[in-house]
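Novice: Pasting the sequence and the predicted model now:
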Amino acid sequence: MMKAAELRQKSEGELKSELTALLKAQFSLRMQHATGQLAKNSEINRVRKDIARIRTIMAEKAA
């Protein structure tokens, strides 16, 4: 889990690359879940919340 304070220190480019990586991870986790290969279902929620956290901070910086 990423902390908001850590994310606020990153540049917009770093946040975008982090967001892209998390979206790919989310897709992978969804596919694993659909095929029954996912061991920890809580990973999906953790990634979702990290994505939301990054998007919130990106919106704060844009404002």
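Specialist: Done, it's in.
Novice: Quick one: mean pLDDT over the lengthiest helix in the chain.
Specialist: The longest helix of the chain (DSSP state H) is helix 12-34. Across helix 12-34, pLDDT averages out at 95.
Novice: buried sites along it?
Specialist: Leu15, Glu18, Leu19, Leu22, Ala25, Gln26, Leu29, Gln32 (16 or more other CB atoms under 10 Å). Every residue, glycine included, has its C-beta placed from N, CA and C.
Novice: Just give the closest residue to the fifth one, not the sequence neighbours.
Specialist: Read that as Ala25. Val47 (5.5 Å; CB to CB, 6 or more residues apart in numbering).
Novice: Which elements pack onto the helix or strand where the one you found lies?
Specialist: Using DSSP states H and E, Val47 sits within helix 42-62. When contacts are defined as 3 or more CB pairs under 8 Å, 6 or more residues apart in numbering; DSSP states H and E, helix 42-62 packs onto helix 4-8, helix 12-34.
Novice: contact partners of the first one?
Specialist: Helix 4-8 has contacts (CB atoms under 8 Å, 6 or more residues apart in numbering) with Leu15, Glu18, Arg53, Ile54, Thr56, Ile57, Glu60.
Novice: check contacts around the first one.
Specialist: Contacts here follow CB under 8 Å, 6+ apart; on that basis Leu15 touches Leu7, Ile54, Ile57, Met58, Lys61.
Novice: Mind putting those into TSV with pLDDT and neighbour count?
Specialist: Listed next are the contacts of Leu15 as TSV, based on pLDDT from 0 to 100; neighbours: other CB atoms under 10 Å:
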residue	pLDDT	neighbour count
Leu7	86	19
Ile54	94	21
Ile57	92	21
Met58	92	16
Lys61	89	13
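Novice: With distance to Ala39 added, can I get the residues you listed in a markdown table?
Specialist: Output for the contacts of Leu15, formatted as a markdown table (distance: CB to CB, whole Å):
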| residue | distance to Ala39 |
| --- | --- |
| Leu7 | 27 |
| Ile54 | 25 |
| Ile57 | 30 |
| Met58 | 31 |
| Lys61 | 35 |
